[in-house]
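Chemist: Got a predicted structure here, sequence first:
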Amino acid sequence: MSYEYSEEEIETHFTIHAERLGCSCLKLILKGKRGFPDRTMICRGGFTFFIELKKPGGKLSRQQEERLDSLTEQGSECYVCDNFEDAARTLNAAREGHRGSREGGLCLWGTGRLRRKAR
């Protein structure tokens, strides 16, 4: 039987990983703005993206989907990952300049649907 990490544990591990790699991993709390992604990532070269972390099999709320749609429509890259490994791969790809990549199971949000590459 394998241990299933909570959303909070995934976020904690991801934050430590990002900071070790020299990225800013910001937790923004916006009053009256429900559904904002868990983390705002700022990587070297100024590349910024948003990431929503869920526990394995976790679902987005309606407010989260709407906020991700809004950010994407404004030209932002948004990712939704339900495990640490995908979140770390997303960050590594962003650091290497592979913006919008779907390689390795990255979870890119777009057009109101989560699109995940088959593994």
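Modeler: Okay, I see it.
Chemist: average model confidence for stretch 73-82?
Modeler: Throughout stretch 73-82, pLDDT has a mean value of 90.
Chemist: How about stretch 40-49?
Modeler: Rounded mean pLDDT across stretch 40-49 is 88.
Chemist: Would you map the strands across the protein?
Modeler: 24-26, 39-42, 48-53, 78-81, 107-110, 113-116 (DSSP state E).
Chemist: center of this protein, which residue is that?
Modeler: I51 (2.1 Å; Cα atoms, centre = their mean).
Chemist: Which strand residues bridge it?
Modeler: For I51, the beta-bridge partners under DSSP bridges are R39, Y79.
Chemist: just for this protein, where's the confidence low?
Modeler: 1, 97-119 (pLDDT under 70).
Chemist: Longest helix of it, counting residues only.
Modeler: Using DSSP state H to define each element, the chain has its longest helix at helix 7-20.
Chemist: Contacts only, for M41.
Modeler: Taking Cβ atoms under 8 Å, 6 or more residues apart in numbering, we find M41 in contact with 18, 23-26, 48-51, 91, 94. Just so you know, the C-beta spots here come from the backbone N, C-alpha and C atoms, and that holds for glycine as well.
Chemist: and what of A18?
Modeler: Counting by Cβ under 8 Å, 6+ apart, A18 makes contact with 24-25, 39, 41, 91.
Chemist: ok, A93 to S6 distance?
Modeler: 25 Å (Cβ to Cβ, to the nearest Å).
Chemist: cool, N92 as well?
Modeler: 23 Å.
Chemist: who has more neighbours, those two?
Modeler: Under the neighbour definition other Cβ atoms under 10 Å, N92 and S6 were set side by side, and N92 has more, 14 against 11.
Chemist: Is L26 in contact with D38, as I believe?
Modeler: No - if you go by Cβ atoms under 8 Å, L26 and D38 don't touch, sitting 10.0 Å apart.
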